Every structure is written in C-alpha cells, then in structure tokens.
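Visitor: My questions are about this predicted structure, shown below with the sequence.
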Protein chains: 2
Amino acid sequence: MKREIVRRSTSQRELVLEAICKGNHLSAREIFEIVSKKARMSFGTVYRNLQILVEEGRIIAVEADPSVLRYDRRLSSHYHLHCKKCGKVFDMPLSYYNDLDKNAGGASGFLIESHTISFKGLCPDCQKEA
Amino acid sequence: MKREIVRRSTSQRELVLEAICKGNHLSAREIFEIVSKKARMSFGTVYRNLQILVEEGRIIAVEADPSVLRYDRRLSSHYHLHCKKCGKVFDMPLSYYNDLDKNAGGASGFLIESHTISFKGLCPDCQKEA
DNA sequence: ATAAGTAATCGGAATGATTACTAATATAAG
DNA sequence: CTTATATTAGTAATCATTCCGATTACTTAT
C-alpha cells in the first residue's frame, strides 16, 4: 500500500518546463543556466523536476548524444540526429516505425516496449564549413 | 604533416580484446575486473586501449545502456536491446537497414554517416520472473 | 649489444554528469 | 491560521571517463 504523492505546482517546475519548450534538446546544465537567471534554483531541483516531468509524460529524455541526456517537449515519437561536429541534437523528419517493435519482438523472444533510432552525421551548417 | 603512430602489441591490449570477445557487451569496469586478475592493469589503460581498438575497427562501442558504454567484438552492423530489468544488453537478430541512412539524409539536408537502433524491453529471462 | 626515440603503462588526480542528503521553506487542504 | 508534507537550496557523494607526469618497454639503427 504505497501512499499517493500529490504533486504541488511550483514556479521552479514551470520554469524548467518553459525552458524545455522554448529551447531545443537542452541538457540539464543548459536548463539550469537559463532558469537560474529568472529564479533561485539549484542543480538538484533541475534534475528532480526533469525526472518528475518525464514520469508525468510531459517531456521526454533524448539519448542521441551519448555524453549527456537532453530533454524535449513531448510530441509524437520521432528520431534524432547527433551532429559529430557541433554536438547539437536535431529532430529527424521520420515517423515512428510502429511495426519495428512488433517484428523485432516476434522472432527474438524479447518483449519490446519501444525503440529509438539515433543518426550520426553532419548538420547542414556544419556541412557548409567543411 | 602528421606523424604516423606505429602501434605496438602489448599484453594488456590483447587481454582487453580477449575479454571483450569472450564476454558479452562488457563495460570498461567489467573489463578491468576481468583483466586485472590476469595482469597488472590500470583503469586508464583499459580506456585507452578501448579507444584504440575502436579506432582500429576491431571492436565497437555500444550505446544501448545510457548510463555506460559497453563494448563488443566487431561483427556486421546490428542492433541492440537494453533490458529494463536486469540492465544487460543483447544483440537483436535484425540486419542493418542500409537504406535508412540514404532515405533519411535525402529529405532532411543532413549528411548521415550511420545510425543505431536501441530497443528497450524485457529479455526472455526477466519475462519469466515477471 | 647498446642507445635513442617514442608508444604504452601505472597510479592518481581531475572532470563532468548525475544522485543523495539535510535542514529550511512553501504549498494545499482543513 | 495550522498542519502535513512536497519541494527547495546547497552541498557532499558517486560514478564513468579523461588527463597527466613519471616510468617502463618496444623497435630500430648504430
């Protein structure tokens, strides 16, 4: 019998969410830097609120850059590209392959919940410089 | 004019490679624990040799578990599943979608080098327990 | 065989992301 | 307003990974 946690609305949580919605694939550090200018804010608070927002399904954690988790507002599932040069993460204009989970699960014996596809390459800006 | 680095064969490097080939998707820490029983070995040496072996194309780094890089002998490109419960990483029996890179690059303006697909779910053993 | 040049090693310190902890604060409900 | 407890700030701790300086050990040429 676990007690139900009743979430409270706090300015810090709303500011974190706002930063994510305005920004693009921000890291916890970047979010902290934006939000700490507008309100008193500690690092732990950023991380805790990111976990809560993910749990509530309001944002998603993006793992395209292996060195750092990035966060994005929740839209329909999609894929990402990580630019080798500038390190930024971009959305890829492909829709989610629903069939992939079913197909991959069937033959293999794994119970598949979801998948992510991460592309590696160069973004348009970095191609120009090269 | 960059000087060519001439690699030397060392017992540490061979032991790292051997551990990877015998094991399955080991982390740097796990490799260290195996190899340090057989020879004098420091952490930095494990990491340096992992980088070298990846560079030489003899092993690959697998990013399916976001919290830690794992290493695998180099086979034909394939995909991985990260079990939510036990945390292990498994090979998925699917062959690499060569077309995906071409298709995704064409429309988007990105120059795509490669992609990875990571599945999340439960491995057969963990399904039984649940 | 010896010396020179340099790749590789050890061991530990440094870094960077993330998590954990504690006392103080703030919110929702009665 | 009071109470219960979710949330916070601030800091310490953890964990993976990288970096660095001194030493060791291959390799090649003498």
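Guide: Perfect, thanks for sending it.

Visitor: which stretches of chain A aren't confidently modelled?
Guide: Low-confidence segments of chain A (pLDDT under 70): A:1-3.

Visitor: what does it put close to DNA strand C?
Guide: A:6, A:8-11, A:27-29, A:43-44, A:47, A:51, A:67-69 (Cβ under 7 Å from any atom of the strand). (C-beta placed from N, C-alpha, C; glycine too.)

Visitor: Please indicate which of those residues are buried?
Guide: For these, a burial check counting by 16 or more other Cβ atoms under 10 Å in any protein chain shown picks out A:27-28, A:69.

Visitor: Let me know the closest of these to residue B:84.
Guide: Closest approach to residue B:84 among those (Cβ to Cβ): residue A:69, at 16.7 Å.

Visitor: so where does residue A:120 fall, helix or strand?
Guide: Taking DSSP states H and E as the definition, one finds residue A:120 inside strand A:111-122.

Visitor: What residues of that strand count as buried?
Guide: Neighbour-count burial for strand A:111-122 [16+ other Cβ under 10 Å]: A:111-112, A:115-122.

Visitor: Dump the residues you listed to TSV, plus distance to residue A:60.
Guide: Listed next are those as TSV, based on distance: Cβ to Cβ, whole Å:
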residue	distance to residue A:60
A:111	21
A:112	18
A:115	14
A:116	10
A:117	14
A:118	14
A:119	17
A:120	20
A:121	22
A:122	24
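
Visitor: about what we covered before: list the strands paired with the strand holding residue A:120, with their directions.
Guide: strand A:79-83 (parallel), strand B:111-122 (antiparallel) (DSSP bridges).

Visitor: Turn these into CSV, including distance to residue A:73.
Guide: Output for the strands paired with strand A:111-122, formatted as CSV (distance: least, Cβ to Cβ, whole Å):
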stretch, distance to residue A:73
strand A:79-83, 14
strand B:111-122, 21
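
Visitor: picking up where we left off before, any chance of TSV for the buried ones among the residues of chain A next to DNA strand C, columns secondary structure?
Guide: What follows is these, written out as TSV (DSSP: H, G, I helix; E, B strand; the rest coil):
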residue	secondary structure
A:27	strand
A:28	helix
A:69	coil
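
Visitor: Relative to DNA strand D, which of these is nearest.
Guide: residue A:28 (12.0 Å; Cβ to the nearest atom of the strand).

Visitor: still on that earlier bit, also within reach of chain B: list those from the buried ones among the residues of chain A next to DNA strand C.
Guide: Restricting those to those near chain B by Cβ under 8 Å from any Cβ of the partner chain leaves residue A:69.

Visitor: out of the buried ones among the residues of chain A next to DNA strand C, which one sits closest to chain B?
Guide: Using Cβ to the nearest Cβ, residue A:69 comes nearest to chain B of these, at 6.9 Å.
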